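# sequence and computational prediction follow.
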Amino acid sequence: MHRSLALAAVVLAIPFAAWGADAPKKKTMLGDPSLTAGIPGTGPVTTAEIDAWLADPKNHEVLDVQLPLGLDVGAAAIKGLAKNPLTRAKIELGRQLYFDPRLSSDGTISCASCHDPEQGFAKSTRFGVGVKAQEGNRNSPTAYNRILSDVQFWDGRATSLEEQAKGPIANPIEMSNTHEKCMDGVGKIEGYKKQFDKIFGKVSIDGAADAIASFERAIVTGASPYDYQEKLKPFEKVDLKELKADDPDLYAEYEKYAELAKKNPMSDSAKRGREIFFGTKGGCTACHVGPNLSDEKFWNLGVGMDAAKPDLGRFEVTKKEEDKGAFKTPTIRNVAQTPPYMHDGSQKTLEEVVEWYAKGGHPNPWLSKNVRKLDLTAQDKADLVEFMKACTGPLPKVETARLPK
């Protein structure tokens, strides 16, 4: 086989996992809308509907999950399923709890209040807003692709998604409840009690956390224009006529991805931005690396460090001097849907974010070694923004309204 054909064959050995592709038997594609569509029906979920749902053994089977194209290369990095296996019943209970404001002390705030599906599972406000319009001091991070992350929050104070799910309920600025009062209220709702009893044996905060975490792990980004374009890169130096003659099956794979890329185009500007992003000129992959385009680590970018009393971020958790002003690397996937940016929501647009990096951040004693001034033209900056926009894929459709009476 021609050398370039061999290269393409190696790259295309990666399993195809695009939206709509036939998944292997017994595999469940995360992002499948049936996982987040809610119990079938309209209006509030009735106890009869819950009984029928819980009676179906399929809803309690442990799911062997598959990630969509782009994220699929990170299958080995999946977190939390060993301790909290996914089932449709847990995902559905988590969906209900996620959208239910009755978890808060005054019945006004749900998880979705700060992590809204219509806003990229984040919030367009600079800071999170809780009961009685109380405002926090950090921007609401997105809730998608959490299946590839263990430590949560900007400062990593939660060691798991389950631990994170408990935090806002008892936070006085967010839901301002206690775990005991919250679960007491949930247990008095017949539909919830039936589900908790069947799935976990009893109503408990640990069960609620497991359910909410299960729902959040089902929320993943689908393949983006960037992902489709990446699948075509091995063919760029391949003689397609030779490929068609020598390996019809591999050529068919090329045609499939070429058609998907045509339907989900990546602009020339975005393609140039990709080269800057992954190259030494931008150096973005010092932090934004891997299938989720995040190293899941903590870095000081100088954001907010010019304040009289700056938020010290990770330091408040570890008490390590080098962690002062360090915050978790957010994903670039679907980042165009989640403004404003940075832990303090201080940057309203992706253009502002690029400018921040280009100037080298704000100098301070703990500034990350990866932050440096960048020699970028106006076109380079525009291209970087277009690349980040090209990392936007579809999010699963989610039922937000059907809750137990």
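The structure has been received and is ready for your questions.

# now do the buried residues in whatever helix or strand residue 197 lives in.
Here residue 197 sits within helix 190-200, counting by DSSP states H and E. By neighbour count on 16 or more other Cβ atoms under 10 Å, the buried set for helix 190-200 is 191-196, 198-200. C-beta: built from backbone N, CA, C; applies to glycine.

# what's the model's confidence in that helix, averaged?
Mean pLDDT, computed over helix 190-200, is 98.

# and the gap between the residue of the chain most remote from its centre and residue 105?
For the chain, the residue at maximal distance from the C-alpha centroid (Cα atoms, centre = their mean) is residue 245, at 41.4 Å. Using Cβ to Cβ, to the nearest Å, residue 245 is found at 70 Å from residue 105.

# likewise residue 132?
Distance of residue 132 to residue 105, given as Cβ to Cβ: 9 Å.

# more neighbours: which of those two?
Remark: of residue 132 and residue 105, residue 105 carries more neighbours, 20 against 11, as counted by other Cβ atoms under 10 Å.

# buried set for the helix or strand encompassing residue 383?
Using DSSP H and E, residue 383 falls within helix 378-389. For helix 378-389, a neighbour-count test (16+ other Cβ under 10 Å) marks 380-389 as buried.

# got it, and stretch 160-167?
By 16+ other Cβ under 10 Å, the buried positions in stretch 160-167 come out as 160-166.

# please export the C-alpha coordinates of it as CSV.
This file holds the C-alpha atoms of stretch 160-167, laid out as CSV (Å, rounded to 0.1, in the frame of the first residue of the first chain):
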residue,chain,number,x,y,z
SER,A,160,-16.1,14.3,42.1
LEU,A,161,-19.2,15.2,40.1
GLU,A,162,-21.3,13.6,42.9
GLU,A,163,-19.7,15.9,45.5
GLN,A,164,-20.2,18.9,43.3
ALA,A,165,-23.9,18.1,43.0
LYS,A,166,-24.4,18.4,46.7
GLY,A,167,-22.6,21.7,47.1
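
# outline the domain layout of the protein.
31-217, 268-389 (automatic domain parsing).

# what's the closest of these to residue 251?
Across the domains of the chain, the minimum distance to residue 251, taken as Cβ to Cβ, is reached by domain 31-217, at 19.3 Å.

# what's next to stretch 284-298, contact-wise?
The set of residues external to stretch 284-298 that reach it, using Cβ atoms under 8 Å, 6 or more residues apart in numbering, is 67, 70-74, 77, 145, 148-151, 155-156, 276-278, 299, 313-314, 323, 326-333, 357, 370, 384, 391.

# which residues are in contact with stretch 396-405?
With Cβ under 8 Å, 6+ apart, stretch 396-405 has contacts from 31-33, 35-39, 41-47, 50, 95-96, 99-100, 112, 117, 189-192, 218-220, 222.

# now do 7 Å
Residues outside stretch 396-405 that contact it (Cβ atoms under 7 Å, 6 or more residues apart in numbering): 31, 33, 36-39, 44-46, 50, 95-96, 99-100, 112, 117, 189, 191-192, 219.

# then stretch 46-60?
So stretch 46-60 is contacted by 39, 41, 87-89, 190-191, 194-195, 198, 404-405 (Cβ under 7 Å, 6+ apart).

# which parts of it are buried?
46, 49-50, 53-54, 59.

# ok, stretch 179-191 next?
Using 16+ other Cβ under 10 Å as the test for burial, stretch 179-191 gives 182-183, 185-186, 189, 191.

# end to end, how far does stretch 156-175 reach?
With Cα to Cα, to the nearest Å as the measure, stretch 156-175 spans 20 Å from end to end.

# what sits up against it?
80, 84, 103-105, 109, 111, 128, 130-131, 134, 136, 146, 150-153, 177-179, 182, 205, 209-210, 212-213, 216-217, 298, 314, 317, 328.

# same check, this time on stretch 344-362
Residues outside stretch 344-362 that contact it (Cβ under 7 Å, 6+ apart): 126-127, 138-139, 301-306, 311, 335-336, 339-341, 367, 371-374, 376, 381, 384-385, 388.

# are any of those residues buried, and if so which?
Buried members of these, scored by 16+ other Cβ under 10 Å, are 126-127, 138-139, 301-305, 311, 335-336, 339-341, 367, 371, 374, 376, 381, 384-385, 388.

# out of those residues, list just those in helices.
381, 384-385, 388 (DSSP state H).

# off-centre distance for stretch 78-97?
A distance of 15 Å separates the centroid of the chain from that of stretch 78-97, by Cα atoms, centre = their mean, to the nearest Å.
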